[in-house]
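Trainee: Below is the sequence, then the predicted model.
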Amino acid sequence: MIPNFIDTYQVLAPHECERIIDYYNHDDRKQRGQVIGDANIDEVKQSTDVYVNFGDKWDNAADDKYTDIILPAVDYAVNQWIENHRFLTTMPPFRVFEQYNIQHYKDGEGYFGLHCECQPDNASDKFIYRMGAWMIYLNDAESGTEFPYQEITLQPKQGLCAVWPAYYTHPHKGVTPNKGDKYIATGWMNFFYNNDERLK
């Protein structure tokens, strides 16, 4: 059977997910979710996000409470993904990228637009060297994530992490409009080309 390269792993316990949601709900950095590109954001994505990071590049202690829970879980899932698809070990070096998001989709919101994760960054005029993406569902939600080319719809289960390729072969979108509340943590794996791209 040909693999679809969309793997899921149970990585967090319910109390860990609830702690992350509590941190998010009390985080004063929440803002309107953004997308890369010039599309009408109202037609593409409606969410409230907190932008956080794993690394010490920005020396932001506020992110440690998220990172202490999420990073070990993501490392486990990505390592399992590599183990399940050994060809990945022949590719140029890549690691979990230090920037990631905590996202909340309220009832009626969602990521409406079909998209992939390998896209240009208009702010820096350089290409984002993403090779994969990860996402952890932080609650049992009704509306999942659809990968139409693979004919797969992931059902949100608290603590479940999905890992998949970043490329145009794996476009995806939320099942929309979202029903109820959906909380996720999501980020990427990047090829690194200098020390700034490494997760320290």
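Mentor: Arrived safely, thanks for sending.
Trainee: sec struct for I20, please.
Mentor: When the structure is reduced to helix, strand and coil (DSSP: H, G, I helix; E, B strand; the rest coil), I20 reads as helix.
Trainee: In the lengthiest helix in the chain, which of the residues would be classed as buried?
Mentor: When secondary structure is assigned using DSSP state H, the longest helix within the chain turns out to be helix 64-84. In terms of neighbour count (16 or more other CB atoms under 10 Å), helix 64-84 has its buried residues at 66-67, 69-71, 73-75, 77-78, 80-82. Any C-beta I mention is one placed from the backbone N, CA and C, and that applies to glycine too.
Trainee: and of the residues you listed, the nearest to G33?
Mentor: Looking at the buried residues of helix 64-84 and their distance to G33, the nearest is Y66, at 16.8 Å (CB to CB).
Trainee: which non-adjacent residue is nearest the closest one?
Mentor: Counting by CB to CB, 6 or more residues apart in numbering, the nearest residue to Y66 once its immediate chain neighbours are dropped is V52, at 5.3 Å.
Trainee: buried ones in the strand or helix carrying the one you found?
Mentor: Assigned by DSSP states H and E, V52 falls within strand 48-53. Going by neighbour count (16+ other CB under 10 Å), the buried part of strand 48-53 is 49-50, 52-53.
Trainee: and what of stretch 129-142?
Mentor: Neighbour counts over stretch 129-142 (16+ other CB under 10 Å) mark 129-139, 141 as buried.
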